[in-house]
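> this one's sequence-less:
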């Protein structure tokens with residue numbers, strides 16, 4: 001709290017100098033890309049706009065994905081994360097429709113390859129889970 005008195009003016013001045021000097025250091029660290037010699041120094045507005053053009057304007061897709069995951073977790077409480085991920089990818093990528101359009105002979109070959117690659121896919125998934133847990 002600041003007081004209006006000669007007794008505390010010098011202490012208040014010292015406190016404010018310390019606070020603002022620390023704030024300057026922190027601000028420089030946080031906004032380094034936007035200051036002189038930073039990543040965005042002199043960048044044209046259209047360049048910055050081009051970098052953000054692909055950013056989605058709404059959260060509809062992630063909300064839909066998490067809604068689907070939430071529903072699956074309620075419907076299949078004992079399912080592992082690899083199963084839930086597989087179900088979601090199968091649905092979103094329309095894999096069933098693609099598979100159904102394949103000629104019968106080619107479909108058998110694809111399904112056999114999928115069965116054989118199951119062990120490798122589980123190993124890759126386990127490695128990915130380990131990496132995520134470490135981070």
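Cool, the structure landed. What you see is a predicted model, and the numbers here were worked out from it, not measured in a lab.
> For this structure, which element, helix or strand, carries the lowest mean pLDDT?
Every helix and strand in the chain was compared by mean pLDDT, DSSP states H and E; the lowest is helix 45-52, with a mean of 59.
> Please work out the average pLDDT along the helix or strand following it.
Once the chain leaves helix 45-52, the next helix or strand it forms, by DSSP states H and E, is helix 60-75. Mean pLDDT, taken over the full extent of helix 60-75, equals 93.
> Show me what helix 60-75 packs onto, helices and strands only.
Packing partners of helix 60-75 (3 or more CB pairs under 8 Å, 6 or more residues apart in numbering; DSSP states H and E): helix 81-92. Any C-beta I mention is one placed from the backbone N, CA and C, and that applies to glycine too.
> Show me what the helix it packs on is packed against.
helix 60-75, helix 118-134.
> now the ones you listed as TSV including distance to residue 7?
Output for these, formatted as TSV (distance: least, CB to CB, whole Å):
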stretch	distance to residue 7
helix 60-75	57
helix 118-134	56
